[in-house]
Structure formats: structure tokens, C-alpha cells
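> how does the following fold in three dimensions:
(4 chains)
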There are 4 protein chains.
Amino acid sequence: MDRERVVEWLEGGSVSIPKVLLKHYADIGLNEIEFLTLLHIHESIGSGNPFPTPIEISNRMSIDGTACSEVLRSLMKRGFLAIEQQDVSMMICEKYSLRPLWQKLASLMFETVHEEEQQQREQSET
Amino acid sequence: MDRERVVEWLEGGSVSIPKVLLKHYADIGLNEIEFLTLLHIHESIGSGNPFPTPIEISNRMSIDGTACSEVLRSLMKRGFLAIEQQDVSMMICEKYSLRPLWQKLASLMFETVHEEEQQQREQSET
Amino acid sequence: MDRERVVEWLEGGSVSIPKVLLKHYADIGLNEIEFLTLLHIHESIGSGNPFPTPIEISNRMSIDGTACSEVLRSLMKRGFLAIEQQDVSMMICEKYSLRPLWQKLASLMFETVHEEEQQQREQSET
Amino acid sequence: MDRERVVEWLEGGSVSIPKVLLKHYADIGLNEIEFLTLLHIHESIGSGNPFPTPIEISNRMSIDGTACSEVLRSLMKRGFLAIEQQDVSMMICEKYSLRPLWQKLASLMFETVHEEEQQQREQSET
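As a prediction, this is how the structure comes out:
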């Protein structure tokens, strides 16, 4: 019995977060509730439910569905989350896309590089 | 341009392997080609293609499609891999299931525990 | 240059969270700030810094060092986090242990199983 | 007892492999035994043993220590693996570095991009 439960956990697997995101979510302007909301959506997409409802998301969180709707709205408005349309067997469905999040992260990284380069240049000039 | 490529990698994400599987795949009777074949299937299921062809799998490997078919047949015969049927919008589709793999892994773990317990009992008795 | 940065990200790697923890952190009594504090400690241990300071942790978060100290104290008091001592080349060092977190998670899982079994038993009896 | 074992698995955690590496290890010239040898080293570094012996590595594989030494030699010669020296409390220790692997992977990615761009340019010119 317990063995069957362990099999379920192994089958369930893990979610991977790039360390660069874990270390820099605050730098790109996310607080903990917003970051975890995006992570729940990321997991949900990977599990075949690409458009979870605010209630489904908030059931795993310390906030309720109304607060979760507010967080989702704010994330979309500030450019961390988008809704896309997809065709599934002749029906048009909506799904979340985290591409804006990855774009912000990549931008931060490249900016950081350029700032460091510029600082090094300025230091070597003086 | 390069930034767009980095966004794709971040969006692509990672595959997680439980350390207990990485450490014990040989103990449950898998060689490297067989273990990676299962890992490619695991990744393919998570990416929404639950029944990749031998050609699709072998394209990522150092073996060809014929050899891959042979590996898949052997994995199913020896109880590491199964094919299940699922209903997708009125059509019956086939998909791979790795549940047999996780079951073998869980069994190994519980056996190891019991052997260790038995050894401790025998040692404390003498 | 950008290529070198990408190499660093690849080398940095990812942190894996078992889906069972992501789905149930709220069920074992953690809010988002507490869960991410534990996750930052988890990442820090894996990166060879097993006893990060509240300032180091809070630098990656939306809270400051004082608030982070308070969160750490509360997590230890409520049994999610522990401090252990280890010998490193003749010096005694302190390090965090997340074992209490994993124990709470495992307990939740086994309780859930037993509750479900009991419910099934009661349903089959009536 | 079984619960304690489950706690150990959860504590052990998972290893993350970027999907881009899983999909392209063959494209950068690795076979399955070589790729898994690198993965075992990756896991070992993350677990605080940055210079595992060929015997330690081969114990988890279907090959023996002599064959594993041969694989390690070949990986270093072909530029997938390097040995670095580090100072640990006044002693000089050796450790493996996978940086060459990530560099090869990043190179492949950027080449692929440039080839695709060139193809598109050639197509738009004709």
C-alpha cells in the first residue's frame, strides 16, 4: 500500500527551477506570492492543464481565489504572464504562456553583463 | 537574436531524475542505453508526445531506429515499460507508461530496507 | 561574451522541487514567504553554503534581514527547519537541515493514505 | 521505518538535466555511456564529492572500473571534461569540471542559430 504511494510520488516527479530565476525573481520585480503563482502555472502547464482557474491555483496557496485573480491580473498587466489561444481538435482553447517571464529574466541577465562590462571599462580607463 | 535563443532554453526547462534512480538503474538491471531510452520517453511524455516512435527516440541517441525498436521490445518484455490506451476526444490513442520502472525502483528500495533490517537483527542476536 | 554568460547559466543548473511539496506546502502549514525561505536554504546547501545568514537569504527576497530572521526563528520553532553541527577539518560548524520539512511532508502523505483507506472502508461498510 | 526511507529519498532529491542537453548529447559527439559518466560526475560534484574515482563511478554503471578509466581519459582528451585544482584548508585538491561540456553545448546552440539564419537569408535571396 505504502509502496503504491511511493510509486505515485516517483511518477509525479519534480519541477525544475533554473537557479538564475530563484536567485533573481526579486530583482525582476516579483514578490514571493507572485513568483509562486507563476510556478504553480508552470507546473500546471507541464501536467497538461495549461489554463488553471484562480481557484485551482489558490487551493495550493495561502491566498484565496479572489486574491489569486488579482495577482494574475497584475502579473499580466506588468508583463510577466500572457494568455495565448490554441487549436485543440477544432476547438479554440486558452492557455497561459510564461514566455514573458523568461524574456524578462534573459533581459536582466544581458543588462547585468553589459553593466559589468561598462564598469570594467570605466575602471580600466581611470 | 541570441537573447531569443536563451529564452527558448529557459522555456524548454529541465528534466528531473530522482537521485535514487540515477544511483540504482544498474542495480535494477538497466544498462546505459536502456536507461536513456526510458529517460527520452519520460521527457517526451512530459512534452506532450506520449508515444514517440523508435525513429524519434533514436534521433537523439547513438543507436539507429532498428536497434531502438529492439531496446523498446526488450524493456517491455522485462517489465520496465508498458503501453496504455487513452481516450483523446473520441479517439483511442496509445501512450507509454513508465509506472513499471517506478514500481521496480520502489521494490528495490523496500527490499534493501528489509535486508538491512534483517542483517541488523541477525547481528544483534549473535 | 554572451556565450560565456550562457555557459555560466548552464553550469549553474536548476533546483528540483518534488511536485508533492509544491502542491502541499500550504497543507503542511507554510505560507509563500516561508516556503521560499526554505527553498533558498535548500539551494544554498546544495551550492556548498549550508548556513546562509538572514541577510544572504533576504537579499534574494522581497523581505529584509530582520523579517527574514523572524521567519527563520518561526520555522525552527514550528519544526520545519533545524540547525545541526558538523566537524569540518577540526572546526565545529553549524549548518541548516531540512530533514524536519521532509518528515512533515512524508507524514502528511501517509496520513492522507490512511484517511482515504478509512473512508473507503467506511463507505464499503455502509 | 518505511516512512524514514521515504524521508531519505525526499532529502536526496533529484538531478536536473537541461532538456537541450538531453536532446543534443549525441549531436555534440557523446554516446550513452559517455553522457551518463558525465552525469554521474555532475551528481557527485553536487553531493560534495567533486573528484569521484573510476571505481565509484563504475559502481553505478554497467561497465567496470578499467573501462570507466578509459571513458574518463577519452572525455578529457576530446574536451568534454577537465580536472581543476582547488585549495581546501591549505591542501591542494583535484576536482572535475564540466565547464567544457557546457561550452560545447553553448557552441552547438549558437552555431545552429547561425546556420538557420544563413539558410533563411539564402532562401530569401533566391
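> what's near enough to touch residue A:93?
Counting by C-beta atoms under 8 Å, 6 or more residues apart in numbering or on different chains, residue A:93 touches A:50, A:51, A:85, A:86, A:87. (Glycine included, C-beta is placed from N, CA and C.)
> skipping its backbone neighbours, what lies nearest the residue nearest to the spatial centre of chain A in space?
Most central in chain A under C-alpha atoms, centre = their mean is residue A:38, positioned 3.3 Å from the mean C-alpha point. Spatial nearest neighbour of residue A:38, chain neighbours left out: residue A:101 (5.9 Å); criterion: C-beta to C-beta, 6 or more residues apart in numbering or on different chains.
> measure stretch A:88-108 end to end?
Taking C-alpha to C-alpha, to the nearest Å as the measure, stretch A:88-108 stretches 35 Å from start to finish.
> nope, stretch A:14-30 is what I was after
End-to-end distance (C-alpha to C-alpha), stretch A:14-30: 23 Å.
> check which helix or strand the residue nearest to the centre of chain A maps to.
helix A:32-46 (DSSP states H and E).
> that helix: what's the following helix or strand?
From helix A:32-46, the next helix or strand downstream (DSSP H and E) is helix A:54-58.
> other residues contacting that next one?
A:37, A:40, A:41, A:44, A:49, A:64, A:65, A:66, A:67, A:68, A:69, A:72.
> check which residues of it are buried.
Neighbour-count burial for helix A:54-58 flags A:54, A:57, A:58 (criterion: 16 or more other C-beta atoms under 10 Å in any protein chain shown).
> what does chain A have sitting close to chain B?
Within reach of chain B by C-beta under 8 Å from any C-beta of the partner chain, chain A has these residues: A:3, A:6-7, A:10-11, A:13-16, A:18, A:21, A:46, A:48, A:88-89, A:98-99, A:102-103, A:105-107, A:109-110.
> now these: which count as buried?
By 16+ other C-beta under 10 Å, the residues of chain A next to chain B give A:6-7, A:10-11, A:13-16, A:18, A:21, A:46, A:98, A:102-103, A:105-106, A:109-110 as buried.
> quick one: low-confidence residue ranges for chain A.
A:1, A:112-118, A:120, A:124-126 (pLDDT under 70).
> the same query, at a cut-off of 80, please.
Along chain A, segments meeting pLDDT under 80 span A:1-3, A:88-90, A:109-126.
> quick check, nearest of the buried residues of helix A:54-58 to chain D?
Using C-beta to the nearest C-beta, residue A:57 is the member of those that sits closest to chain D, with 23.6 Å.
> now that closest one: how far from residue D:34?
Using C-beta to C-beta, to the nearest Å, residue A:57 is found at 42 Å from residue D:34.
> ok, residue A:54 next?
From residue A:54 to residue D:34 the distance is 47 Å (C-beta to C-beta).
> same check on residue A:122?
Note on residue A:122: its distance to residue D:34, by C-beta to C-beta, is 44 Å.
> more neighbours: the two, which one.
Taking neighbours as other C-beta atoms under 10 Å in any protein chain shown, residue A:122 and residue D:34 compare with residue D:34 leading, 20 against 9.
> pretty sure that one contacts residue D:72?
No: Residue D:34 is beyond contact range of residue D:72, at 9.5 Å (criterion: C-beta atoms under 8 Å).
> and chain A, which residues reach chain D?
Counting by C-beta under 8 Å from any C-beta, chain A comes close to chain D at A:2, A:6, A:9, A:13, A:14, A:16.
> mind listing the helices for chain A?
Under the criterion DSSP state H, helices of chain A are mapped to A:2-12, A:19-24, A:32-46, A:54-58, A:65-77, A:99-125.
> so can I have CSV of these showing distance to residue B:25?
Converted to CSV, those look like this (distance: least, C-beta to C-beta, whole Å):
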stretch, distance to residue B:25
helix A:2-12, 13
helix A:19-24, 26
helix A:32-46, 23
helix A:54-58, 35
helix A:65-77, 40
helix A:99-125, 32
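> any idea which of the ones you listed is most buried?
Across the helices of chain A, averaging neighbours per residue (mean count of other C-beta atoms under 10 Å in any protein chain shown) puts helix A:32-46 on top, at a mean of 21.
> kindly export that helix (C-alpha atoms) in PDB.
The C-alpha coordinates for helix A:32-46 follow below in PDB (Å, rounded to 0.1, in the frame of the first residue of the first chain):
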ATOM      1  CA  GLU A  32       7.000  35.600  -3.200                       C
ATOM      2  CA  ILE A  33       3.300  35.200  -3.800                       C
ATOM      3  CA  GLU A  34       3.700  36.300  -7.400                       C
ATOM      4  CA  PHE A  35       6.700  34.100  -8.000                       C
ATOM      5  CA  LEU A  36       4.900  31.000  -6.600                       C
ATOM      6  CA  THR A  37       1.800  31.800  -8.600                       C
ATOM      7  CA  LEU A  38       3.900  31.600 -11.800                       C
ATOM      8  CA  LEU A  39       5.500  28.400 -10.500                       C
ATOM      9  CA  HIS A  40       2.100  26.800 -10.000                       C
ATOM     10  CA  ILE A  41       1.100  27.800 -13.500                       C
ATOM     11  CA  HIS A  42       4.400  26.400 -14.800                       C
ATOM     12  CA  GLU A  43       3.700  23.100 -13.100                       C
ATOM     13  CA  SER A  44       0.200  23.000 -14.300                       C
ATOM     14  CA  ILE A  45       1.200  23.600 -17.900                       C
ATOM     15  CA  GLY A  46       3.700  20.700 -17.600                       C
END
